[in-house]
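Chemist: Here is a sequence together with a model predicted from it:
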Amino acid sequence: MPHQWIPNSLPEIKKELLRSIGVNDVLELFNDVPKELIINRKLNVGLGRSLSEYEVKRYFDRLMSKNRLFTDPPPFMGGGVCAHYVPAVVRHIISRGEFLTSYTPYQPEISQGILQALFEYQSMLAELYGVQVINASMYNGSTAAAEALRMAVRINKKRKILIPLNVNPETYEVIRTWSLGMSSEMDRVRYDQLSGSIDISELEVKLMRGDVSAVYIENPNYFGVIEVHLRDIIDLIHKYDALAIVNSLPISLGILEAPGKLGADIVVGDGQSLGLGMNFGGPSLGILGIRDERMITQLPGRLVGATIDSEGSLGFTLILQTREQHIRRERATSNITTNSSLMAIAAAVYLSLLGSEGIKKLGEDMLYKTYYAIKRLSEIKGVKAPLFAEGRYFREVTLAIMGKKYRDVHIKLLNAGILGGKYIGDVFPELGESCIMCFTELHTKSDIDLLATTVERALRGGM
Amino acid sequence: MWQQARWNEPLLFEVSTCSKPTFNITIDTDIVREVGDVKNYLPKEILRSELPRIPNLSEIEVVRHFTRLSQMSYGVDLGPVPLGSCTMKYNPKICEELIDERVTGLHPYQDEDTVQGILEIMYHLQRWLAEITGTDECCLQPPAGASGEFAGALMIKKYHIDRGESFRDEMLIPDNAHGSNPASAAMAGFKIIRIPTSESGEVDIRALKAVLGSKTAGMMLTNPNTLGIFESRILEIADEVHGAGGLLYYDGANLNGILGIVRPGDMGFDIVHLNIHKTFGAPHGGGGPGAGVICAKGELVDYLPVPTIGFNGSKYFLSYNRSKTIGRVSQFYGNVIPLVKSFIYLLSLGPEIREVCEVAVINTNYFIKLIKDLKGITIPYGDNKFRKHEVVISLENLFRDTGVTAEDVAKALLDRGVHAPTIYFPLIVKEAHMIEFTESESKESIEYYASIYKEVIEEAYNNPEKLKRYPKNTSVSRLNQVMANHPLTRCPTYQMLSKLRKIR
């Protein structure tokens, strides 16, 4: 059947081309396929027939109406993904067909735009993280973290990986799955009950054994708590000849010190906060970099570098491809091929719109909102906000409901049109009826006030 | 004559000589009054000491900069991108149009009741892809093809461990396979055993039999293979691998060559990965994001990553109930945006996906017909066999006769306003050009490509020196790769570039 997306699908064109090839029937082109395997029925795909564009739209719109979109107020839900504003310019630029429909720039001369944009992404992210090199992107924060750990083991050939219990549990699960293919073992480090940050004395005890390859740290951690002793922790890790891998929230880095400046050897991040949608979890952007350029041959993923063309003009090309799978095969630093280029370009556009001033101001704005929310929520009887009284927070806050199920509160919030926190009492039973809430540039004072009054009413049973 | 935009666009860091008003962010003074100076809440030593050096630009400056950069890029919207094994097909605009805040604004942890529409899409996509591949279940989580391969390799690993056969540590991979196959298998901890390709362009079955044994964990295979040739003895291969206690893994990168005609599951494959951004119409985005999907048959479904999307007759839900799962290979549920685009693609085509394959294969063989008698080229392996999704041409004779390389020819093609084929792959073909038109190229487009291919080869014979100087019509001329990669001159950031400029 002819279809608008398939120019040669008209029967007369097909027939003409087949005749020119020298066959009568298209199935002759498949004469090497065992006859018994050829499908002789219509596959059960779609609605059983092809649809027109307006039929597709109708059907899709109906499906979309079965979702509930929270915009007023924006979601307060945290857990690693938070609602952020996606500037119109970002969406406009990454929708341009020249970027959107291009392939990996294997032919650099015809792909200078995409290469330059990625080079600028690498440069801006290197500034933000305070390191020498950031690659052209990984899939997302979780796989960037897993790749960082694989890289650490390759570099120092030690066996053990330390992962604190206050990191994103999904990221931990991804690392655990990946470790099936590695010969290393994982050990966990407790967090301090009062601050929610890493228990430094336990960390030292585990480091002292001398077999630790790397420690993976998140800042802010899963609870939204800033690791205020990060510099000391990194020094401690180095004292025992291990590598410090720090996963920093990129949008916090206008306010918080760059991990590279604190001594982190490998830096990691998830770029969703840099002007990307929540996308029901994906795609996002995986940030991965190294403080010291000398580790570059161990870095996985694509890398763009500057060079000159035959006339001496500045140009850009993929570099050090001998690290990659299409050349090095089983000895490659990683299997990664497709990455998250378009999201990297989105992040580059986003950071260009903000500038250094905007990055700082946006960070301050989130910090104000975080602390305003803490103030309002802490005034409510029956809410422990923040849960870790001595913790310092950025963007996300863990809080607990006393004497009631969080779920009951959550449902009442939903009924009032509010998407509340991410419940974590299942994964962290020691924290009771707790959840993670998120406060970003999107939340106004009245949004936060509405949240607080609705939580209060829910607890009083007035709803 | 075609000429690509040549904007001489400065680096973002050099666009402006002074600070401009940037994106407007207003801090609510009422909040400030309530909270006080927020910096007092944080210890000084964790505050950023020096702002990142990112320029402060106005909106128009940013828009012009990136619009100019986009004009110095080349995608399917501009012309053919016949990169073999990359399946650069048309990306339908309706997919872009329909994906808006209704999808991008969904939080991954929203209550299931509030995301029934998106879950329904993902559930149906799982079912359709299982039907297309002839498998029982699919998981949408892997964010790319290589990630799907890695998941599949881990499933094979765990399967053998669970059966007490962890000594099975050898993964068999043909020498023409995509590089990601051995890389993924190595990441899963396997030893790679290379299987040679026979003259027929197919797996050398005698060599395969010779290495199969008690250490065999499995075999990773793409069919049609990277020569564009269908492995006609696939049933025998499957029997042999299974007979030795191994599993058979299908690399879906080349699925466009058999879509709707024959299914991997029916051929005997146990695990299948798909590239949503190749076969199912989602764009490549300059290298990503794509989406991988991993499907399995029989008892292997228990090993799939979690979660998958379930349906209990009235409600769609995230299902973590999989007894032997390898766990998560990536965060959340997959790259939802490309996945939804593939849903729209399949919704539109329905069972007509077979047309996709038929025309893609016709296009390949029509191109072969147009160029096969050109002096200087050969189509190695599998004499006169019909190719499927792609064809691999060797320019070895041209190189021998003139010194002109596969890369030189590729650059000359760029100068005529088209994208070049994949070059120097597969590794078993010398001076290789791997060409895949997909179903999206028209008769005229293929004829044009053939005509310029012919023109370039004639030029190579008449004036070989000229080919070394291409491309001229692109945004830059041929780039210095030695300088780009040399330890003393390589620079992956603006900061390093500035240092290098000072030294010079």
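Modeler: Alright, I've got the coordinates. Numbers count the residues shown, from 1 in each chain, chains lettered A, B, ... in the order given.
Chemist: C-alpha from now on. contacts and neighbour counts both.
Modeler: OK.
Chemist: Which parts of the stretch 251-400 of chain A are helices?
Modeler: With DSSP state H, counting those that start in this stretch as the criterion, the stretch 251-400 of chain A has helices at A:325-328, A:341-378.
Chemist: Any part of the longest one near chain B?
Modeler: Read it as helix A:341-378. Yes. For helix A:341-378 and chain B, the contact criterion (Cα under 8 Å from any Cα of the partner chain) is met by A:341-343, A:349, A:351-358, A:360-362, A:364-365, A:367-369, A:371-372, A:375.
Chemist: and B:Asn176, how far is that from B:Tyr381?
Modeler: Per Cα to Cα, to the nearest Å, B:Asn176 is found 12 Å from B:Tyr381.
Chemist: Can you list the low-confidence ranges for the chain?
Modeler: I'll assume chain A. A:462-463 (pLDDT under 70).
Chemist: oops, chain B please
Modeler: For chain B (pLDDT under 70), the answer is B:503-504.
Chemist: Can you tell me which residue is spatially central in it?
Modeler: Centroid check for chain B by Cα atoms, centre = their mean gives B:Cys86 as the closest residue, at 5.7 Å.
Chemist: In which helix or strand does it reside?
Modeler: For B:Cys86, there is no enclosing helix or strand under DSSP states H and E.
Chemist: cool, and B:Glu455?
Modeler: helix B:443-462.
Chemist: same deal with B:Ile362?
Modeler: Going by DSSP H and E, B:Ile362 is in helix B:353-371.
Chemist: Give me the next element, helix or strand, following that helix.
Modeler: By DSSP H and E, the next helix or strand past helix B:353-371 is strand B:391-394.
Chemist: How about that following strand and chain A, touching?
Modeler: No. Against chain A, strand B:391-394 shows no contacts by Cα under 8 Å from any Cα, the least distance being 13.5 Å.
Chemist: rewinding a little: what's the helix holding B:Glu455 in contact with?
Modeler: Helix B:443-462 is contacted by residues A:7-8, B:80, B:363, B:367, B:370-371, B:374-376, B:398, B:401-402, B:404, B:409, B:412-413, B:416, B:418, B:437, B:466-467 when judged by Cα atoms under 8 Å, 6 or more residues apart in numbering or on different chains.
Chemist: Tell me the buried residues in it?
Modeler: Buried residues in helix B:443-462, counted by 16 or more other Cα atoms under 10 Å in any protein chain shown: B:443, B:446-447, B:449-450, B:453-454, B:456-461.
Chemist: what's the angle from it to helix B:353-371?
Modeler: 30 degrees (axes from the mean of the first three to the mean of the last three Cα atoms, to 10 degrees).
Chemist: Can you mark which positions in the helix or strand following helix B:443-462 are buried?
Modeler: For helix B:443-462, the following helix or strand on the C-terminal side (DSSP H and E) is helix B:464-467. Buried positions in helix B:464-467, judged by neighbour count with 16+ other Cα under 10 Å: B:Pro464, B:Leu467.
Chemist: And for stretch A:446-454?
Modeler: In stretch A:446-454, counting by 16+ other Cα under 10 Å, buried: A:Asp447, A:Ile448, A:Leu451, A:Ala452, A:Thr454.
Chemist: Where do the strands of chain A begin and end?
Modeler: In chain A, the strands defined using DSSP state E lie at A:133-134, A:160-164, A:185-189, A:212-219, A:243-248, A:266-270, A:286-290, A:304-308, A:314-318, A:383-384, A:396-401, A:422-423, A:434-438.
Chemist: so which of these gets nearest B:Ala484?
Modeler: strand A:304-308 (5.0 Å; Cα to Cα).
Chemist: Which other helices and strands does the closest one contact?
Modeler: For strand A:304-308, the packing partners by 3 or more Cα pairs under 8 Å, 6 or more residues apart in numbering or on different chains; DSSP states H and E come out as helix A:112-129, strand A:314-318, helix B:481-485.
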